[in-house]
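Enquirer: Pasting the sequence and the predicted coordinates here, then a few questions.
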Amino acid sequence: MQLNTLIKRLRNEMRNDAGVSGDAQRLEQMTWLFFLKIYDAREEEWEILDEDYHSIIPERLRWHSWAANRMDGSSMTGPELIDFVNNELFPGLRNLNVTEDTPLKQAIVKAVFEDVNNYMKDGGLLRGVVNIIDEVDFTDFQERHAFNDIYESLLKELQDQGSSGEFYTPRALTDFIVKMVDPKLGESVADFACGTGGFLTSTLKHLEKQTTTSQDADILGRSVYGIEKKPFPYLLCITNMILHGVDTPMIFHANSLERNVRDYEEKDKFDVIVMNPPYGGSEKDIIKNNFPMDLRSSETADLFIVLIMYRLKKNGRSAVILPDGFLFGSDVKANIKKRLMSEFNLHTIIRLPGSVFAPYTSIKTNVLFFDNTGPTESTWFYRVDMPEGYKHFSKTKPMRLEHLQPAMDWWNDRIEIEDSDGNYKAKCYTIDEIEQSGYDLNRCDPIQESDEILPPEELIANFRKERAELTAKMDEILGQIEKILGEKQ
């Protein structure tokens, strides 16, 4: 089939359904259908390879039983199909008998369907959507590989869907970060807020180059580990992993911050941790109590930095994307930076342009690279400038890996660089200089981009994000005031 027209055809079909409102719901509707079709294809392969394999899904609920287009007019459609999906398929998958002995590749089916929804109300239109998806042959390697690009374009559209954009990190950025951290086959790689699985798929692509035998392929499939709190990106991530040939995705639907960090043991640690934690949000006291008193922040991203410190193996490596506020923040943020630099080697900070995550947010971000080899002695800062001919990154002009090539060229041959205005584009600062500044890491600051008139929906999204950050900061300050007042009583 013509894969490049697939999404357009699906959208056209769903736009006529009164139950589907907007692209965000269309994306979710497509994704759970894709998951079942892809999972059915993988089960077909597992049954060939293992004669003892038995599906956890009852036969009547498997894709080939109810969804496959029989081409003879006997396929379920209309009210019968809607009734089946709403009253048999979804309840059946949500109530699968999963125990601690259930293999992970089967248990994920129940986890995936715990929180997703069928939005379509017209059974005839749903049959049309199902028929289009059924045209893709996911047992054919070439067709499945070609579909990866289609799926990636679906994930990228999340960046244009308001708050859903937080789950997608531009692929150029995840590829760059993974390349710099350079995981090796046999190492464990984790992302504790994995979203749609961008860092994990970049890792798989990186490790595939080191895979030459069937034994290597088995190791590759066990190399990545992810946790995602929200149901829709969790579904997207699981589907992404299966598409990339990971039969047993170690991706879990949970909140990474719910466990007390002091309880982690060596078996809970990883060789490599790469992530873009959610920022701008705040956590309840019950979550903050899982962290040491001096490191309890109201800002979610701060807590993830602390979590990484407790879950990175000795000699392990990490890279994490954080907003500017972490670099110059004081009080709890300063405590976190002090702990980080006294126990870990924060060797590099890459300053990114403000529009990398546009239109989801214009907040400027940075990549912190550190390893668990000992305390920091010095930190290099490098500023990534907008490429020539660009004022901003956008949907039509996104960041590409080639835009990060100057940073990659500099990485292994580090020198201080001054721009034409006499400002540092790259410079190394000693730990003494950083300590004397109160752990202010706001150095080699990206050049301020010229103002841009944004569409109303982007302005609203940016306002909501900035308001959330301000609220989190106010909560932190109020908490400090309450603490002081409590001590005086």
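Expert: That came through, no problem.
Enquirer: Tell me if I am right that A190 is in a strand.
Expert: Yes - assessed by DSSP: H, G, I helix; E, B strand; the rest coil, A190 belongs to a strand.
Enquirer: Do I have it right that it meets Y225?
Expert: Yes - at 4.5 Å, A190 counts as touching Y225 under the criterion of CB atoms under 8 Å. Every residue, glycine included, has its C-beta placed from N, CA and C.
Enquirer: Now the common contact residues for these two.
Expert: F270 (CB atoms under 8 Å, 6 or more residues apart in numbering).
Enquirer: Okay, buried residues for stretch 326-346 please.
Expert: 326-329, 332-333, 335-341, 344-346 (16 or more other CB atoms under 10 Å).
Enquirer: Closest one to H403 out of the residues you listed, please.
Expert: The nearest member of the buried residues of stretch 326-346 to H403, counting by CB to CB, is L327 at 21.6 Å.
Enquirer: related to what we said a few turns ago, so which of the buried residues of stretch 326-346 are in strands?
Expert: Among these, the members falling in strands (DSSP state E) are N345, L346.
Enquirer: D432 falls within a strand, correct?
Expert: No - going by three-state DSSP, the assignment for D432 is helix, not a strand.
Enquirer: can you give me how far stretch 24-32 is from the chain middle?
Expert: 17 Å (CA atoms, centre = their mean, to the nearest Å).
Enquirer: what do you get for stretch 112-123?
Expert: The chain centre lies 23 Å from the centre of stretch 112-123; the measure is CA atoms, centre = their mean.
Enquirer: What's the mean pLDDT across it?
Expert: For stretch 112-123, the mean pLDDT works out to 92.
Enquirer: that older thread, which one of A190 and Y225 is surrounded by more residues?
Expert: With neighbours defined as other CB atoms under 10 Å, A190 and Y225 compare such that A190 has more, 28 against 18.
Enquirer: Contact partners for the more buried one?
Expert: V224, Y225, G226, F270, V272, I273, V274, M275, R311.
Enquirer: same check, this time on G197
Expert: D191, G226, L236, C237, N240, M241, I251.
Enquirer: Could you do Y279 as well?
Expert: Counted by CB under 8 Å, 6+ apart, Y279 has contacts E299, T300, A301, L322, P323, G325, I363, E469.
Enquirer: Check which helix or strand the closest residue to the third one other than its chain neighbours maps to.
Expert: Right, A301. In space, and not counting its chain neighbours, A301 is closest to Y279: 3.8 Å by CB to CB, 6 or more residues apart in numbering. Counting by DSSP states H and E, no helix or strand carries Y279.
Enquirer: got the phi/psi numbers for Y279?
Expert: phi -130, psi 160 (degrees, to the nearest 10).
Enquirer: Distance check, it against F357.
Expert: Noted for Y279: a distance of 10 Å to F357, by CB to CB, to the nearest Å.
Enquirer: what's the overlap in contacts for those two?
Expert: Common neighbours of Y279 and F357 (CB under 8 Å, 6+ apart) are I363.
Enquirer: from the contacts of A190, which is closest to K179?
Expert: Among the contacts of A190, and counting by CB to CB, the member closest to K179 is V274, at 10.9 Å.
Enquirer: What distance do you get for that closest one to G280?
Expert: 20 Å.
Enquirer: The two: who's more crowded?
Expert: Ranked by neighbour count (other CB under 10 Å), V274 and G280 place V274 first, with 30 against 22.
Enquirer: contacting residues around the nearest residue to the more buried one once chain neighbours are set aside?
Expert: Counting by CB to CB, 6+ apart, V274 lies nearest to F199, which is 4.6 Å off, once chain neighbours are set aside. By CB under 8 Å, 6+ apart, the contact list for F199 reads T169, T174, I177, V178, V189, D191, V274, M275, N276.
Enquirer: repeat for K333
Expert: S297, E299, D302, G325, F326.
Enquirer: Same list, those, but as TSV with pLDDT and distance to T203 please.
Expert: Formatted as TSV, the contacts of K333 follow (pLDDT from 0 to 100; distance: CB to CB, whole Å):
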residue	pLDDT	distance to T203
S297	90	28
E299	89	26
D302	94	25
G325	89	28
F326	92	24
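Enquirer: Show the buried residues in those residues.
Expert: S297, E299, D302, G325, F326.
Enquirer: How about the last one: what's its closest non-neighbour residue?
Expert: Think F326. Among residues not flanking F326 along the chain, K333 sits closest, at 5.8 Å (CB to CB, 6+ apart).
Enquirer: With the first one instead?
Expert: The shortest distance from S297 to any residue that is not its chain neighbour, by CB to CB, 6+ apart, is 4.5 Å, and that residue is V332.
Enquirer: now the one you found: how far from R339?
Expert: Distance from V332 to R339, by CB to CB: 11 Å.
Enquirer: anything in contact with each of those two?
Expert: In contact with both V332 and R339: L295, using CB under 8 Å, 6+ apart.
Enquirer: Tell me how many other residues crowd the nearest residue to L404 once chain neighbours are set aside.
Expert: Leaving aside its chain neighbours, L404 sits nearest to F176 (4.5 Å; criterion: CB to CB, 6+ apart). By the measure other CB under 10 Å, the count of residues near F176 is 24.
Enquirer: For the stretch 301-450 of the chain, give me the ranges with low pLDDT.
Expert: Along the stretch 301-450 of the chain, the model assigns pLDDT under 70 to residues 359-360, 447-450.
Enquirer: show me where it has strands.
Expert: Remark: strands assigned in the stretch 301-450 of the chain by DSSP state E, counting those that start in this stretch are 312-323, 345-351, 365-371, 378-383, 417-418, 424-430.
Enquirer: how big is the angle separating the first one from strand 365-371?
Expert: Angle between the axes of strand 312-323 and strand 365-371 is 170 degrees (criterion: axes from the mean of the first three to the mean of the last three CA atoms, to 10 degrees).
Enquirer: Could I get the full set of helices for the stretch 201-350 of the chain?
Expert: 214-221, 231-243, 285-288, 300-311, 324-328, 332-343 (DSSP state H, counting those that start in this stretch).
Enquirer: Can I get these in a markdown table including distance to Y429?
Expert: Output for those, formatted as a markdown table (distance: least, CB to CB, whole Å):
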| stretch | distance to Y429 |
| --- | --- |
| helix 214-221 | 38 |
| helix 231-243 | 36 |
| helix 285-288 | 31 |
| helix 300-311 | 19 |
| helix 324-328 | 12 |
| helix 332-343 | 11 |
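Enquirer: Of those, give the one that comes closest to E135.
Expert: Closest among these, once you apply CB to CB, is helix 231-243, at 16.6 Å.
Enquirer: tell me the SS of the residue positioned nearest the centre of the chain?
Expert: Centrality entry for the chain: nearest residue to the mean C-alpha point is G195, 3.0 Å, by CA atoms, centre = their mean. What three-state DSSP gives for G195 is coil.
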